[in-house]
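Participant: My questions are about this predicted structure, shown below with the sequence.
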Amino acid sequence: MTAKLIRNAYEAALTMTAVLLTWGAALALEGAAGLHTDVLVLAVALALTLARSQRTADTRRRLTALVLLPAAAGASILVGRLIASHYAAGAAVFTAGLSLAIWIRRYGPAATKAGTLITLPLIALLVTPGPALPAEAQSGLTTWFWSALVGAVACCSIWLVQGLGDRFGPWRAEPAPEGPRRRSRLHPRPSTRMALQMASGVAAAFALGHLFFDDHWPWVVLTAYVAASGNRGRTDVLRKGVERLAGAVVGTLLATGVAAAGVTGHAAVALMFAVLAVALWLRPLNYAYWAAGMTCALSLLLGYFGQDAQHLLPTRLEGIAVGAVLSVASAWWLLPVPRRRTAA
């Protein structure tokens, strides 16, 4: 266990170095081009989520990421604008994008990895605190350009840090061997089943989130996605839903303590990065650690933007609980995928 914790700390340090490098570059762009703070949030979210999938990527996969991620990042901003102006239409496009990224897994490992890259900016969109940001916005085309550029910067920062880590660090990335691919005999295929489950869970999360949680609907949608992603069967979805809820409760208690201590401004930003580093370190042990860290970090972010994060914490827990229930219900009763039958 000690050796695993040490290795986890090393990997977390690499990821956070890449995150901070991306954040620094985005901060420079923000000042030079007069952008808004949502560009910084997008930069951190993309680097944080992309680092894990790129750790063992070969040159071909990294070049693919350099093409797909910036395009998807720009498109996700346009989807966000559509949600803001036409909620139902934007929610439908968002849900279709997530489901398509799962459905194309039937076409093999390359399609699976491409689907992951397409999904990352959409998920990053959910952690951008739209209602807390300034009302003014760039035009859609300008926002698309800068978001795509931030996606490219995230790719390059991750490759630079991970490459230097492999060259000079104590450990090198070790790709997990891929077992022989076998075609499932399930009808519909597991990829189709999981895509339909994701679509139904996320669509319901959009509907209930808007109905009961107003501008805080992303908490419901994010949980519905997280619990259902990487579906390995009904028990797996139930476990992840419970872990996310348990982690959110712990994160809520941590955030409450931070708010009571009066941590604000730049100190809150520094503490947010520290919390993310610890969450990354402990994530391989149990997903609940990551959920706790993300809940606390998002609370700090909202507090930095002037929202009463402490007052909103109960609402966030309610949203997370609703999202978890929706994803579990979808996985259990809509074309369930038997365990060990997750091939496309």
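Facilitator: Happy to help now that I have it. On a predicted model such as this, the values are computed, not experimentally measured, just so you know. Numbering: from 1, shown residues only.
Participant: Now do the SS call for residue 170.
Facilitator: coil (DSSP: H, G, I helix; E, B strand; the rest coil).
Participant: Name the nearest residue to it, sequence neighbours excluded.
Facilitator: Leaving aside its chain neighbours, residue 170 sits nearest to residue 10 (6.9 Å; criterion: Cβ to Cβ, 6 or more residues apart in numbering). In this view, the C-beta of every residue, glycine as well, is placed from N, C-alpha and C.
Participant: dump the residue contacts of that neighbour.
Facilitator: 165, 169, 170, 171 (Cβ atoms under 8 Å, 6 or more residues apart in numbering).
Participant: same thing but 7 Å
Facilitator: When contacts are counted by Cβ atoms under 7 Å, 6 or more residues apart in numbering, residue 10 is found next to 169, 170, 171.
Participant: Quick one: neighbours of the last one, just the number.
Facilitator: In this case it means residue 171. Residues near residue 171, counting by other Cβ atoms under 10 Å, number 12.
Participant: correct me, but it touches residue 8?
Facilitator: No: applying Cβ atoms under 7 Å, one finds residue 171 not in contact with residue 8, separated by 10.8 Å.
Participant: Can you report how many residues neighbour residue 118?
Facilitator: 20.
Participant: And it, which helix or strand is it part of?
Facilitator: Take DSSP states H and E as the rule and residue 118 turns out to sit in helix 109-127.
Participant: Just the CA coordinates for that helix, please, in PDB.
Facilitator: Taking Å, rounded to 0.1, in the frame of the first residue of the first chain, the C-alpha atoms of helix 109-127 are listed here in PDB:
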ATOM      1  CA  PRO A 109     -10.500   0.900 -29.500                       C
ATOM      2  CA  ALA A 110      -9.700   3.900 -31.700                       C
ATOM      3  CA  ALA A 111     -13.400   4.900 -31.800                       C
ATOM      4  CA  THR A 112     -13.700   4.400 -28.100                       C
ATOM      5  CA  LYS A 113     -10.800   6.800 -27.400                       C
ATOM      6  CA  ALA A 114     -12.200   9.300 -29.900                       C
ATOM      7  CA  GLY A 115     -15.500   9.200 -28.000                       C
ATOM      8  CA  THR A 116     -13.700   9.900 -24.800                       C
ATOM      9  CA  LEU A 117     -12.000  13.000 -26.300                       C
ATOM     10  CA  ILE A 118     -15.300  14.300 -27.500                       C
ATOM     11  CA  THR A 119     -16.900  13.800 -24.100                       C
ATOM     12  CA  LEU A 120     -14.300  15.700 -22.100                       C
ATOM     13  CA  PRO A 121     -15.200  19.300 -23.100                       C
ATOM     14  CA  LEU A 122     -18.900  18.500 -22.600                       C
ATOM     15  CA  ILE A 123     -18.200  17.400 -19.000                       C
ATOM     16  CA  ALA A 124     -15.900  20.400 -18.500                       C
ATOM     17  CA  LEU A 125     -18.900  22.600 -19.500                       C
ATOM     18  CA  LEU A 126     -20.800  21.200 -16.500                       C
ATOM     19  CA  VAL A 127     -18.200  22.500 -14.000                       C
END
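Participant: After the helix or strand harbouring residue 260, which helix or strand is next?
Facilitator: Using DSSP H and E, residue 260 sits within helix 234-261. In the C-terminal direction, the helix or strand that comes right after helix 234-261 (DSSP H and E) is helix 265-282.
Participant: Which strands and helices lie in contact with that following helix?
Facilitator: helix 2-33, helix 287-304 (3 or more Cβ pairs under 7 Å, 6 or more residues apart in numbering; DSSP states H and E).
Participant: deepest of those helices, which one?
Facilitator: Most buried of the helices and strands packed on helix 265-282, by mean neighbour count (mean count of other Cβ atoms under 10 Å): helix 287-304, with a mean of 23.
Participant: List of residues touching that helix?
Facilitator: 127, 129, 132, 240, 243-244, 246-248, 250-252, 254-255, 258-259, 264, 268-269, 271-272, 275-276, 278-279, 282-283, 309, 312-313.
Participant: Off-centre distance for that helix?
Facilitator: 12 Å (Cα atoms, centre = their mean, to the nearest Å).
Participant: quick check: angle from that helix to helix 234-261?
Facilitator: Helix 287-304 runs at 40 degrees relative to helix 234-261, counting by axes from the mean of the first three to the mean of the last three Cα atoms, to 10 degrees.
Participant: mean confidence for the helix or strand following helix 287-304?
Facilitator: Next helix or strand after helix 287-304 toward the C-terminus (DSSP H and E): helix 309-333. In this model, helix 309-333 has an average pLDDT of 84.
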